[in-house]
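Q: No sequence on hand, only this structure:
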C-alpha cells in the first residue's frame with residue numbers, strides 16, 4: 001500500500017514539472033500568424049458546358065462503297081431465275097465454309113478426274129463435277145489438275161439470288 005502511494009506521488013511530481021515553463025515566444029508567434037490578413041482564394045474557373053456531337057450520317061451510304069443503283073438491282077432481280085434447290089439432300093462438304101476447304105490433289109479413276117479436298121478437321125474427300133461444296137450452295141462445274149471451278153448461289157440482299165464463280169486452287173506443301 002505504501003508503495004502505491006509513493007508511485008502516485010512520483011507520478012504527480014513529474015507531471016507538474018512538465019507543466020511549467022515560459023511559452024511566451026510560442027504565444028507571440030501564434031498571435032502574429034492570426035494578425036496577418038487572410039489570403040484571397042481565386043474562384044474556380046468556369047468552362048462552357050460540353051455539347052455532344054450527333055452523327056447524323058450513320059444511315060447514309062459509306063463513302064468507301066461503290067454507288068448502287070437500286071432500280072437496276074430490282075430489275076435484275078425480277079428477271080433472274082437463279083435460286084438454290086432447298087429440296088435436295090445436302091452433301092457432307094456443304095457443312096463447311098469454302099474458306100476452310102483446300103484442294104490437296106487429284107485422283108483419276110475409271111477415266112474420270114476427281115479432286116481431293118481437305119476439310120477443316122483434316123479429312124480428305126473426293127469431289128467431281130456435279131458435287132456441292134461450301135455453305136453457299138457451291139456446285140462443282142469443272143475439276144482440273146490444279147483447280148476446282150465452282151459456282152456459288154448467294155443472296156443479293158433484296159430477296160433474290162446471284163451466281164458467283166469461285167475457284168479452289170491446289171495447295172502445295174511448303
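A: That came in fine, so what should we check first? If you're wondering where the values come from, they're calculated on a predicted model, not measured in any experiment. Residues are numbered from 1 along each chain as shown.

Q: and the next element down the chain from the helix or strand of the chain at the bottom of the mean pLDDT ranking?
A: When the helices and strands of the chain are scored by mean pLDDT, DSSP states H and E, helix 70-79 comes last with a mean of 53. Later in the chain than helix 70-79, the nearest helix or strand by DSSP states H and E is strand 102-109.

Q: And that following strand, what's buried?
A: Counting neighbours by 16 or more other CB atoms under 10 Å, one finds that the buried residues in strand 102-109 are 103, 106. (C-beta placed from N, C-alpha, C; glycine too.)

Q: and that strand, what other elements does it pack with?
A: strand 112-118, strand 161-169 (3 or more CB pairs under 8 Å, 6 or more residues apart in numbering; DSSP states H and E).

Q: Mind listing what's buried along stretch 121-139?
A: Buried residues in stretch 121-139, defined by neighbour count with 16+ other CB under 10 Å: 125, 127, 129, 131, 132, 133, 134, 135, 136, 137, 138, 139.

Q: Looking at those residues, which two lie furthest apart in space?
A: Farthest-apart pair in the buried residues of stretch 121-139 is 129 and 135; separation 19.7 Å (CB to CB).

Q: Below-threshold pLDDT in the protein: ranges please.
A: Across the chain, the ranges flagged by pLDDT under 70 are 16-21, 58-59, 67-80, 174.

Q: How far away from the center of its chain is the longest helix anywhere in the chain?
A: For the chain, the helix with the greatest residue count under DSSP state H is helix 2-19. Distance of helix 2-19 from its chain centroid, counting by CA atoms, centre = their mean, to the nearest Å, is 78 Å.
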